[in-house]
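In: model the structure of this input:
(one chain, ligands or ions: 2)
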Amino acid sequence: MEDCIFCKIVNKEIPSTTEYEDEQFLAFHDIHPKSPLHLLLVPKKHIHSVDHLEFQDRDLMGDLVLTAQKIAKGRGLRGYQLHINVGRDGGQVVDHLHMHLQANI
Ligand code: 5GP
Ligand code: ZN
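Out: Ligands and ions are numbered 1, 2, ... in the order given. Coordinates of the predicted model:
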């Protein structure tokens, strides 16, 4: 997706503070953190939003949550919040599916 800011971050065309990366996902620090720890976990594959998920994306979404868990365990977090905004009316500003991982550490 040419004009997608998160695709550009995934492709390293725009810098970000990388927290975690594997074949499927990239996690980086939110540019305007709303918690002491505020990460964004994105699939490298461009998917517009949860509303655009298809049946074949179910493993990807399972892996997304497990990857968030892995990052949290790696940081030794005892508690954290995961949330996904869906659509403009749901607070989604960037149209590349992403999960917020926040903690008050
Ligand atoms: P949304 O409201 O779409 O769920 O969340 C988008 C998030 O992306 C916001 O928290 C915003 O601060 C963050 N964001 C937007 N542009 C950039 C950017 O260029 N770099 C980083 N690291 N975060 C961004
Ligand atoms: Zn994208």
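In: and residue 60, helix, strand or coil?
Out: helix (DSSP: H, G, I helix; E, B strand; the rest coil).
In: any idea how many residues pack against the nearest residue to it once chain neighbours are set aside?
Out: Spatial nearest neighbour of residue 60, excluding adjacent residues (CB to CB, 6 or more residues apart in numbering): residue 43 at 5.8 Å. All C-beta spots, glycine's among them, are computed from the backbone N, C-alpha and C. A count of neighbours around residue 43, defined by other CB atoms under 10 Å, yields 21.
In: distance of residue 43 from residue 96?
Out: 8 Å (CB to CB, to the nearest Å).
In: near ligand 2, which residues of the chain?
Out: 1, 4, 6, 7, 46, 96 (CB under 5 Å from the ion).
In: possible to save those residues as JSON lines with neighbour count and secondary structure?
Out: Shown next, in JSON lines, are those (neighbours: other CB atoms under 10 Å; DSSP: H, G, I helix; E, B strand; the rest coil):
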{"residue": "1", "neighbour count": "13", "secondary structure": "coil"}
{"residue": "4", "neighbour count": "15", "secondary structure": "coil"}
{"residue": "6", "neighbour count": "22", "secondary structure": "helix"}
{"residue": "7", "neighbour count": "17", "secondary structure": "helix"}
{"residue": "46", "neighbour count": "15", "secondary structure": "coil"}
{"residue": "96", "neighbour count": "22", "secondary structure": "coil"}
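In: look up how far ligand 1 lies from residue 43.
Out: 14 Å (CB to the nearest ligand atom, to the nearest Å).
In: with residue 14 instead?
Out: 6 Å.
In: please apply the same query to residue 34.
Out: Counting by CB to the nearest ligand atom, the gap from residue 34 to ligand 1 is 7 Å.
In: was I right to think that residue contacts residue 102?
Out: Yes. At 6.8 Å, residue 34 counts as touching residue 102 under the criterion of CB atoms under 8 Å.
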